[in-house]
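> For reference, the sequence and a predicted model appear below.
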Amino acid sequence: MNQKSKIENRKSRPGHIIAIDGPAGSGKSTLAKLLAKELAYTYIDTGAMYRAVALKMHELVIDIEDTNVLKDFCSKINLCFENKNGINRISIDGDDYSEKIRTSFVSQLSSKVSSKKAVRDAMVRLQRLLAAKGSVIMEGRDIGTVVFPDADIKFYIDASPEVRGKRRHSELQEKGQDVSLEKIIEDEKKRDLMDSTREHAPLKKADDAVYIDTSDMTIREVVAKMLEIIKQRKIF
Ligand code: DC
């Protein structure tokens, strides 16, 4: 997409779009939530969509290698994504998936399912619809590259595998899930490899994204840096 089309698209939208991409455990969800609160934007966690769809497919024993079955499944499900007071709720056909998708098992499963083009096409369509209503902060793997190559600002949030593993470990411990740090780091490396080497919309930094390595930074420091960049861009 050339610069002229990007500018025209931005002007025709009802609000602004801030894209945040990065690998597992980079802190992008926490950052996206905090920034959304600060700027009064709607926060959209696209990973939750892939997680919910993956778990639903698993429950229904759907063969993810069969493209026709996948397309049929994606065209029939009613995936409902809501943002209530900054908290994302996700349901499929009326069943709430918000909590049960936060397990190591679903992390690996969603990485596999999200490599399928039929699934990606359906999720991207929904993500674009969600952003058509106003200003959003959308986080995932392909937001700045595929979903919104014309986003107003793009960030790519990164951290070392060890730091990312430790963050995920504390998160899971807080939820009472007992997984060893070594296993988390190993699983995340596997997932990042799958996510960044897949054929369709692989995880990568958009050329025009701001890269931030958060390994040695506190969340507050990163938020402050992002807000400063947003202010400098004068999009508001
Ligand atoms: O952000 P997360 O860990 O909840 O994402 C779960 C998986 O979903 C991730 O391993 C890859 C996939 N995903 C994706 O392919 N594209 C996105 N925009 C978001 C997530």
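It's in. Worth saying up front: this structure is predicted, and the values here are computed from it rather than measured.
> Tell me the buried residues in the least confident helix or strand in the chain by mean pLDDT?
Least confident helix or strand of the chain, by mean pLDDT, DSSP states H and E, is helix 3-12 with a mean of 83. The neighbour-count check on helix 3-12 (16 or more other Cβ atoms under 10 Å) flags Lys6 as buried. Every residue, glycine included, has its C-beta placed from N, CA and C.
> if you average pLDDT over the helix or strand containing Ile137, what comes out?
Element membership of Ile137, judged by DSSP states H and E, is strand 136-140. If you average the pLDDT over strand 136-140, you get 97.
> same check, this time on stretch 50-62
The average pLDDT within stretch 50-62 is 97.
> This structure: strands as residue ranges?
For the chain, the strands defined by DSSP state E cover 17-21, 42-45, 79-84, 87-92, 95-96, 136-140, 153-158, 210-213.
> neighbouring strands for the fourth one, and are they parallel or not?
Strand 87-92 has the following strand partners under DSSP bridges: strand 79-84 (antiparallel), strand 95-96 (antiparallel).
> Nearest residue to the middle of the chain?
For the chain, the residue sitting closest to the mean C-alpha position, by Cα atoms, centre = their mean, is Gly140 at 2.1 Å.
> close enough to count as contact, it and Tyr43?
No - with contact defined as Cβ atoms under 8 Å, Gly140 does not reach Tyr43; the gap is 11.9 Å.
> By mean pLDDT, show me the worst of the strands of the chain.
Among the strands of the chain, strand 79-84 scores lowest, at a mean of 87.
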